[in-house]
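S.K.: Generate coordinates for the sequence data below:
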Amino acid sequence: MILSIEVNHTDIQVELLPSSSSKALEELLKSGPLVIPMKDYAHMEKFGDLGVRLPRNDQHITTKAGDVILSEGNLLVIYYAPNTWNFTRLGRVVNLTEKELKKVLGKGNITATLTLQNPDKKGVQA
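M.R.: Next comes the predicted model:
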C-alpha cells in the first residue's frame, strides 16, 4: 500500500511495510485524509501527533533520510537525516531523493495531509 503525504503542494509517496502498525494506519485513513501539524526536531526529522495510538513494533534501528517512523505509538516522523533509537518503521519514501525530500520539508514547521492511494497510482509533484 502507498501512503501519500502532501507537504507544501508536493506528494511524498511512502511504501508501507507490512506490520500491525501500518495496517492500523491504513484503517485510520480509510475514513478520510488526516491533517497533521508537524514540527522540526534537531534538523533531522519532522514529527506530528496522529491523535491516536497505533500498535508498536519497536526495534533498535538507525534511520535514513526517507524513513517514515511511528514513535511512542502516536507520533508520525519523517526522517531526513539519521537517528538511532527504538522505533517502529512504517515505510520509506519512494519518489524523492534525500535532497528533494529536504527541500520539500523545508525549515521549520509544516502541515502534512495523509491519504492512501492504490499502489499502481502515480503521484503528481507540483
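S.K.: what bridges to the residue most central in space within the chain?
M.R.: The chain has residue 68 as the residue nearest its centroid, 3.9 Å off, counting by Cα atoms, centre = their mean. For residue 68, the beta-bridge partners are residue 78, residue 91 (DSSP bridges).
S.K.: I'd say it and residue 2 touch.
M.R.: No - if you go by Cβ atoms under 8 Å, residue 68 and residue 2 don't touch, sitting 11.5 Å apart. Just so you know, the C-beta spots here come from the backbone N, C-alpha and C atoms, and that holds for glycine as well.
S.K.: what touches both of those two?
M.R.: residue 14 (Cβ atoms under 8 Å, 6 or more residues apart in numbering).
S.K.: Show me the shaky parts of the protein.
M.R.: 118-126 (pLDDT under 70).
S.K.: Now do the strands in it.
M.R.: In the chain, the strands defined using DSSP state E lie at 2-7, 10-16, 34-41, 45-49, 59-62, 67-71, 75-79, 84-93, 110-117.
S.K.: Name the residues of the second one that come out as buried.
M.R.: This points to strand 10-16. 10-16 (16 or more other Cβ atoms under 10 Å).
S.K.: In TSV, list the residues you listed along with distance to residue 26.
M.R.: As requested, the buried residues of strand 10-16 are arranged in TSV below (distance: Cβ to Cβ, whole Å):
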residue	distance to residue 26
10	22
11	18
12	17
13	15
14	12
15	13
16	7
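S.K.: which residues touch residue 15?
M.R.: By Cβ under 8 Å, 6+ apart, the neighbours of residue 15 are 1-3, 91-92, 94.
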